Every structure is written in structure tokens, then in C-alpha cells.
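>>> Sharing a sequence plus its predicted fold:
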Amino acid sequence: MKRDLAMAFSRVTEGAALAGYKWLGRGDKNAADGAAVEVMRSLLNKTDIEGEIVIGEGEIDDAPMLYIGEQVGIGGDAVDIAVDPIEGTRMTRWANPMPLQYLPLVKKAAS
């Protein structure tokens, strides 16, 4: 992966973590997840990629989400993205210290 994209994705996950952190221990996992999702979406949409969300947890558990099939980025390398802005929303809800963000991506296969 290009160094500039690696740094951009580092900023995306950091931004989502900081947004979700504001809700740590407040008992509202959807508010934490929603805050992380909105920041992640905003930052992904400023990134030099042609991205498509291909895996997302939100559709499984009816939580705020980046939608499967959602297009993100401003153009550049075509990538597929699997995303979970907060893995461990229940832990975030009760202030347990282990929530994570997942943002793996792979170069889009040639069609």
C-alpha cells in the first residue's frame, strides 16, 4: 500500500476512535457507533481512493453503519473495504477498555 494511503487510513481510524471515545461509559452504544461512523464516513470521503464498502457489521445488528455497496473517496486506487467503526460497542457502552476499529481494505480485483 502506498505510504500516503496508509497515513490517510491511520487518520480515519484515529478519528473514529476519538469520536466514539466521547461516548465511553455513557450507556449508549448506538450513539458511540453513530459518532464513529459519521467521522469515518467523512474522512473516507476525503481520501484519495475509489472505495466500496463490501463488509459491514451494522446490517447484521441494526446499528449505525457504512452501508454495503456505499461508495467512498474522491478518486484514486480502487479498493474494497471491510469496516467496523467500533468493534466492541457493548464494551464502549460500559467503559471497558478494549473497543477497536477495523478498516481492512484490498485492491479491487480486475473485472
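Alright, I've got the coordinates. Residues are numbered from 1 along each chain as shown.

>>> which residues in the chain form strands?
Counting by DSSP state E, the chain has strands at residues 49-56, 71-72, 77-87, 100-102, 105-107.

>>> The longest one - contacts with which helices or strands?
Counting by 3 or more C-beta pairs under 8 Å, 6 or more residues apart in numbering; DSSP states H and E, the packing neighbours recorded for strand 77-87 are helix 3-21, helix 29-44, strand 49-56, strand 100-102, strand 105-107. Just so you know, the C-beta spots here come from the backbone N, C-alpha and C atoms, and that holds for glycine as well.

>>> which one of these lies closest to Asp77?
strand 49-56 (5.5 Å; C-beta to C-beta).

>>> what's the pLDDT at the residue most central in space within the chain?
By C-alpha atoms, centre = their mean, the chain has its centre lying nearest to Pro85, at 3.7 Å. Per-residue confidence (pLDDT) for Pro85: 74.

>>> give the contact list for it.
Pro85 makes contact with 16, 20, 33, 36-37, 40, 65-66, 101, according to C-beta atoms under 8 Å, 6 or more residues apart in numbering.

>>> if I read this right, Gly76 contacts Glu50, doesn't it?
Yes - at 6.0 Å, Gly76 counts as touching Glu50 under the criterion of C-beta atoms under 8 Å.

>>> want to throw the contacts of Pro85 into CSV with neighbour count, pLDDT and distance to Ala8?
Formatted as CSV, the contacts of Pro85 follow (neighbours: other C-beta atoms under 10 Å; pLDDT from 0 to 100; distance: C-beta to C-beta, whole Å):
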residue, neighbour count, pLDDT, distance to Ala8
Ala16, 28, 90, 13
Gly20, 26, 86, 19
Asp33, 27, 85, 22
Ala36, 28, 90, 17
Val37, 24, 91, 18
Met40, 26, 93, 12
Met65, 22, 84, 21
Leu66, 24, 87, 16
Gln101, 19, 54, 14
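
>>> With that, I have no additional questions.
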